[in-house]
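>>> need a 3D model of the sequence below.
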Amino acid sequence: MQVVMECIPCYFKQIVNTLKVLKINDQEGQRVLLGVLPLLPGLDPEATPAENSSLIFRKVYELIANEDPYAQAKAESNSLALGMLPKLREVVSESADPLHTACSAAVAGNIIDMGILPDYDLEASLKDALSAGFALDDYPAFREKLKTARSVLILGDNSGEIAFDTLLTGELCRRGVEVVYAVKGEPILNDATLADARQVGMDETARVITNGNGFLGTILKHCSPEFLKAFEEADIIISKGQANFESLESTEEAGEKTFFLLRAKCEVVAQNLGTEFGVMVFRQNQPRREN
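Numbers count the residues shown, from 1 in each chain. Next comes the predicted model:
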C-alpha cells in the first residue's frame, strides 16, 4: 500500500496524539511539529505509510529526547488486557469454533492504537468483536491451509492486544503446529516488544522473536536474518494490524500464505480493503502478479 495525500495530515495527527498522551505543553508541542517539517520533502512517495510514519516518529523521539515514550502506557494496557483474559478464555473454550473465536478476540485488541485512536474502549471493542464478526472473512481458506501447516508465524502489533493473541497462539498449539510470534526489536509507538511478550506470557505458547528493527509494520529490508528465515519458512503467516497490512498487502513476499487480521481504523485502509471504516477483517493476501 503506497502513500496517498491523506497520509500526510495523518502523520501529524498521530504526532499530536502522542504529544497529548505524554502531556507535552503547547509550546513544546509546536517545537516538535515544526522540527518534523523538514523531513517531509525527503519522504519517499513510493514507500508505505508505515515506513514513512516510522521515520517521522524517530525524529519526534529525538526531539523529545525519549526513546520509549509509551513504556508506561504499554505496561498498563497489558495489565488491562490480562485482567480480561480469564473471562475470554471461557468464551473461547465454550465456543462452537474456539479457533475462530480466538481470532475475533485477537483482532478486538487492535483497537489499542495510541497513535490513531488514543481514547479507545477495549471492553466495547471486545463485545463488538465477539458479536459482529468479520466484514471480510477468509477464515475458511485459513482453516484449509492449517490442515497441512506445520508452522505459523504471527506478526504482532500493539501492546495490550498481545495479551489477547495468547488465546490464538494457544488454540494453534492445540492443533499441533509450531507457533512463532514476532515483536518489534525496538520501541515504536505502543507496538509490542520483548518486554510486552514476557509480561503477558506469550513465551509460554509460542517461540518469541523480534523483527530486528523499530519500524511500524513489517519492512522486510530492515528485518533481521532470524526474522526473514522465519518469514520464509512459515507455512502460514498471520499479520496483525494496519501497519503490517500497509507494508505487506499485495506483495509477492507475503504470498497467499499470509492472512491479514485487523480493524480498518483508517478510511484509506478501508478503501484499499474494499470495505467500510471501522470493521474487522480476516483477509487472505492477494499477491500482485507482474505481467
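>>> which residues in this structure form helices?
7-21, 26-36, 49-64, 71-93, 98-108, 122-132, 139-146, 161-174, 194-200, 225-233, 242-248, 267-273 (DSSP state H).
>>> now the fifth one: how far from the chain's centre is it?
I take that to be helix 98-108. 15 Å (Cα atoms, centre = their mean, to the nearest Å).
>>> also the first one?
The offset between the C-alpha centroid of helix 7-21 and the centroid of the whole chain comes to 18 Å, using Cα atoms, centre = their mean.
>>> sorry, back to before: comparing the helices of the chain, which comes out most buried?
helix 242-248 (a mean of 27; mean count of other Cβ atoms under 10 Å). (Each C-beta comes from the backbone N, C-alpha and C, glycine too.)
>>> just the CA coordinates for that one, please, in PDB.
Extracted C-alpha coordinates of helix 242-248, given in PDB (Å, rounded to 0.1, in the frame of the first residue of the first chain):
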ATOM      1  CA  GLN A 242      -3.000  -1.900   9.900                       C
ATOM      2  CA  ALA A 243       0.700  -1.200   9.700                       C
ATOM      3  CA  ASN A 244       1.600  -4.800   8.800                       C
ATOM      4  CA  PHE A 245      -1.200  -4.700   6.200                       C
ATOM      5  CA  GLU A 246       0.100  -1.400   4.800                       C
ATOM      6  CA  SER A 247       3.600  -2.900   4.400                       C
ATOM      7  CA  LEU A 248       2.800  -6.400   3.100                       C
END
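>>> quick one: mean pLDDT for that helix?
The average pLDDT for helix 242-248 rounds to 95.
>>> counting by contacts, list what that helix packs against.
helix 49-64, strand 258-263, helix 267-273 (3 or more Cβ pairs under 8 Å, 6 or more residues apart in numbering; DSSP states H and E).
>>> could you find the closest non-adjacent residue to Glu51?
Ile219 (5.3 Å; Cβ to Cβ, 6 or more residues apart in numbering).
>>> for Val281, same thing?
With Cβ to Cβ, 6+ apart, the residue lying closest to Val281 is Leu136, at 4.6 Å.
>>> from the middle of its chain, how far away would stretch 180-191 be?
9 Å.
>>> may I see the buried residues of it?
Val180, Tyr181, Ala182, Val183, Lys184, Gly185, Pro187, Ile188, Leu189, Asn190, Asp191 (16 or more other Cβ atoms under 10 Å).
>>> state the pair within those that is farthest apart.
Using Cβ to Cβ, the two most remote members of these are Val180 and Leu189, lying 22.7 Å apart.
>>> tell me which residues are up against stretch 68-80.
18, 21-22, 61, 112, 114, 122, 158-160, 162-163, 187, 189-190, 192-193, 195-196, 199-200 (Cβ atoms under 8 Å, 6 or more residues apart in numbering).
>>> can you check stretch 32-44 too?
So stretch 32-44 is contacted by 3, 8, 11-12, 15-16, 19, 24, 51-52, 55-56, 59-60, 63-64 (Cβ under 8 Å, 6+ apart).
>>> re earlier: what's the residue nearest to Val281 in contact with, if anything?
Leu273, Gly274, Thr275, Val279, Val281, Phe282, Arg283.
>>> can you convert those residues into a markdown table and add a column each for distance to Ala102?
Listed next are the contacts of Leu136 as a markdown table, based on distance: Cβ to Cβ, whole Å:
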| residue | distance to Ala102 |
| --- | --- |
| Leu273 | 22 |
| Gly274 | 25 |
| Thr275 | 22 |
| Val279 | 19 |
| Val281 | 16 |
| Phe282 | 12 |
| Arg283 | 17 |
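>>> most widely separated two among those?
Longest span within those, Cβ to Cβ: Gly274 and Phe282, 13.9 Å.
>>> look at the two and report which has more neighbours.
Neighbour comparison, Gly274 and Phe282: the larger count goes to Phe282, with 24 against 10 (by other Cβ atoms under 10 Å).
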